[in-house]
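Visitor: mind looking at a prediction? Sequence and model below.
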Amino acid sequence: MNSKTAFKLMSLLILFSIALAACGGAATPAATEVPAVTQAPAVTDVPATAAPAETKGEGEVDIVDWPGYIERGANDPNYDWVTAFEKETGCTVKVKDAATSDEMVQLMNSGGFDLVTASGDASLRLVYGGTVQEIDITKIPSYSKVDVRLQNAPWHTVNGKHYGVPYQWGANLLMYNTNVFPTAPTSWDVVFKEMTLPDGKSNKNRVQAYSGPIYVADAALYLKANNPELGITDPYELNQTQFDAAVALLKEQRKIASKYWGDYLLQVEDFKSEGFVASSSWPLMVNLLQADKQPIASTIPQEGATGWADTTMMAKNAPHPNCAYKWLEHSLDPKVQGDVASWFGSNPSVPEGCTASDLLGADGCKTNGYNDFDKISFWKTPIADCGNGKSDCVTYDKWVETFTAIVGGQ
């Protein structure tokens, strides 16, 4: 991403900072707020609402999204994939920003919204909880344009049924200070284990970790590569022994990580002024810091990385289903896909998006990590039934309960 685009992103973040602060960043909810998901339901157990027969819009579509995912030119007139849609369809787009996946789940469960741009750690909770409906992809002509690696992804496809339309994706990168690391770190151990860094100083109180419970998977991914005797094959499918090992690593990390980040604007400030030198992060923050001439770079270490592939999902009782279907089709337009990727620092779910947007540029997808897809273990909701027939994997509610205790120093 070029500096001009990154500057625009900084403008976006400043405008959203008040809203994000009001949301409380990425604070983890109490364990009681997260229902346990024990297994994938049978086909008949998963709510399936037929797509509306009518095609005339109802005049409105209400969307819960990640900040920056839906722009109408208010921050920069060049970034607008809403105005033309509204004129063409007569569907006014109303947006509610959410700072975390847990907030998205809570908002959708409260009702009144049509769509949500859910990450993989929320999408299956929405499916199994009966909050979202099956999508009739025959009503979305552009679905065939979606990257084949995403069309039937397990975080939105259950028993062969689609519960959403892929939107954008990216990796949780290892961001680092180049004055401290003249060459890129090769392992995530720099944020998990106490050690002396290349500048001769300890990493204690100089590294950060993500504040969401899904971060347990980052520890599991590290152990998968470095402790093969644990037998971890999927960082989101952990039996009790594997989970306990990940927890032990996170407790070890807690001794050196003085701060957990959730608000990405605050992480930018932390790296500028608070002395932090390494952390998991998103391409968005890397781009912003580089645009501000900070000594920052990023890498995907030898263990790989976790990541997010966001899906636009429709509420089971969507008030405006026709307009919602029109937006789902619009969201897959290659130029829209490329423009979103340029603004957010993500990657389009439609490959044509890499070349359809002048804003993204010829090298935009490469810069945003498009070629790193196979290195990423994408977020998905941990459930008990993880495919081995034993239903012995630790569920997400336990991830929340345990991770909350770790962050709290217990």
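Guide: Structure's in. What do you need? All values reported here derive from a predicted model rather than from experimental measurement. Residues are numbered from 1 along each chain as shown.
Visitor: can you pull out the helices in the stretch 151-300 of the chain?
Guide: 189-192, 216-226, 240-254, 264-273, 283-291 (DSSP state H, counting those that start in this stretch).
Visitor: elements contacting the last one?
Guide: Using 3 or more CB pairs under 8 Å, 6 or more residues apart in numbering; DSSP states H and E as the contact criterion, the elements in contact with helix 283-291 are helix 3-23, strand 173-177, helix 264-273, strand 296-299. Just so you know, the C-beta spots here come from the backbone N, C-alpha and C atoms, and that holds for glycine as well.
Visitor: buried sites along the third one?
Guide: Translated: helix 264-273. Tyr264, Leu265, Leu266, Gln267, Val268, Asp270, Phe271 (16 or more other CB atoms under 10 Å).
Visitor: pLDDT-wise, what's the bottom of the residues you listed?
Guide: Across the buried residues of helix 264-273, the bottom pLDDT score, 80, is held by Tyr264.
Visitor: who's in contact with it?
Guide: Going by CB atoms under 8 Å, 6 or more residues apart in numbering, Tyr264 touches Leu13, Ser281, Trp282, Leu284, Met285.
Visitor: report how many residues lie close to the fourth one.
Guide: When neighbours are defined as other CB atoms under 10 Å, Leu284 has 24 of them.
Visitor: weakest of the helices and strands packed on helix 283-291 in terms of mean pLDDT?
Guide: helix 3-23 (a mean of 41).
Visitor: after it comes which helix or strand?
Guide: strand 60-65 (DSSP states H and E).
Visitor: what residues does that next one touch?
Guide: The contact list for strand 60-65, computed with CB under 8 Å, 6+ apart, reads 70, 91-98, 104, 107-108, 112-117, 312, 319-320, 323-324, 326-327.
Visitor: out of these, which sit inside strands?
Guide: Thr92, Val93, Lys94, Val95, Lys96, Asp97, Leu115, Val116, Thr117, Thr312 (DSSP state E).
Visitor: and those, which of them are buried?
Guide: Of those, these count as buried by 16+ other CB under 10 Å: Thr92, Val93, Val95, Asp97, Leu115, Val116, Thr117, Thr312.
Visitor: want to throw those residues into JSON lines with pLDDT?
Guide: Converted to JSON lines, those look like this (pLDDT from 0 to 100):
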{"residue": "Thr92", "pLDDT": "98"}
{"residue": "Val93", "pLDDT": "98"}
{"residue": "Val95", "pLDDT": "97"}
{"residue": "Asp97", "pLDDT": "92"}
{"residue": "Leu115", "pLDDT": "98"}
{"residue": "Val116", "pLDDT": "98"}
{"residue": "Thr117", "pLDDT": "98"}
{"residue": "Thr312", "pLDDT": "98"}
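Visitor: Val127 should be in a strand, yeah?
Guide: No: with DSSP: H, G, I helix; E, B strand; the rest coil as the criterion, Val127 is assigned helix and is not in a strand.
Visitor: and Thr254, how many neighbours?
Guide: If you look again at residue 254, you'll see it is Arg, not Thr. 16.
Visitor: contact partners for it?
Guide: Ile406, Val407, Gly409.
Visitor: do Phe85 as well
Guide: Here Phe85 is in contact with Cys91, Val93, Lys326, Trp327, His330 (CB under 8 Å, 6+ apart).
Visitor: past the helix or strand hosting the last one, which element shows up next along the chain?
Guide: When elements are defined using DSSP H and E, His330 is found to belong to helix 321-331. Proceeding N to C from helix 321-331, the next assigned helix or strand is helix 334-344, under DSSP H and E.
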